[in-house]
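> Sequence first, predicted coordinates after that:
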Amino acid sequence: LQLVESGGGLVQPGGSLRLSCAASEFTKHSRAIGWFRQAPGTDNEGVSCISNRDFSTHYADAVMGRFTISTDNAKNTVYLQMNSLKPEDTAVYYCAASIYYACSDRMSLSEFDIWGQGTQVTVSS
């Protein structure tokens, strides 16, 4: 299983971006897929997660109501639609595959064992 992120870039505050996480074969393994982000000098933060069995989702409080995670199993791709972006959303965003099929509220790093290379999101005027 390999993960490749895309869709990052520079956007003004209030703008939108859609990140993509293309997986080689996650539908076969039915792993949950999570999005994380890391800004310079900060810890890696769990942003959102989706189960590929029952499509249940989880969001961090900081992005609730602004970000939407979804999956297209036909394309083996998980998306993160980010709206109403703020400067504090600036970070490198990573997708990762969980060792479980369901998402946990904690989104502990130890639950995710396969990571993509990351894509930079910069929110600035």
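Thanks, I have it.

> can we go C-alpha only for contacts and neighbour counts from here?
Fine.

> Show the backbone phi and psi for A74.
phi -60, psi -30 (degrees, to the nearest 10).

> middle-most residue in the protein, spatially?
Residue closest to the average C-alpha location in the chain (CA atoms, centre = their mean): W35, at 2.1 Å.

> pretty sure that one is in a strand, no?
Yes. Per DSSP: H, G, I helix; E, B strand; the rest coil, W35 lies within a strand segment.

> So which residues of the protein form helices?
Along the chain, counting by DSSP state H, helices occupy 26-29.

> what's around V123, how many residues?
By other CA atoms under 10 Å, the residues close to V123 number 19.

> in the sheet, who's paired with it?
V11 (DSSP bridges).

> now do Q81
R18, T68.

> okay, now it: neighbour count?
Neighbours of Q81 (other CA under 10 Å): 15.

> That one touches G15, doesn't it?
No. At 11.1 Å, Q81 does not count as touching G15 under the criterion of CA atoms under 8 Å.

> And S56, how far from F112?
17 Å (CA to CA, to the nearest Å).

> in this structure, which helix or strand is least confident?
Every helix and strand of the chain was ranked by mean pLDDT, DSSP states H and E. The lowest is helix 26-29, at a mean of 58.

> Please list the residues outside stretch 56-68 that contact it.
46-51, 69, 79-85, 102-105 (CA atoms under 8 Å, 6 or more residues apart in numbering).

> Repeat the analysis, applying 6 Å as the threshold.
For stretch 56-68, contacts defined as CA atoms under 6 Å, 6 or more residues apart in numbering pick out V47, S48, C49, I50, L80, Q81, M82, N83.

> Format the CA atom coordinates belonging to it as CSV.
C-alpha atoms of stretch 56-68 as CSV (Å, rounded to 0.1, in the frame of the first residue of the first chain):
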residue,chain,number,x,y,z
SER,A,56,-17.9,7.1,9.4
THR,A,57,-15.8,10.2,9.8
HIS,A,58,-14.0,12.2,12.5
TYR,A,59,-12.9,15.8,12.5
ALA,A,60,-10.6,17.8,14.8
ASP,A,61,-12.4,20.7,16.6
ALA,A,62,-10.3,23.2,14.7
VAL,A,63,-11.6,22.2,11.3
MET,A,64,-15.2,21.1,12.2
GLY,A,65,-17.7,22.7,9.8
ARG,A,66,-15.0,23.9,7.4
PHE,A,67,-13.3,20.7,6.2
THR,A,68,-15.0,17.6,4.7
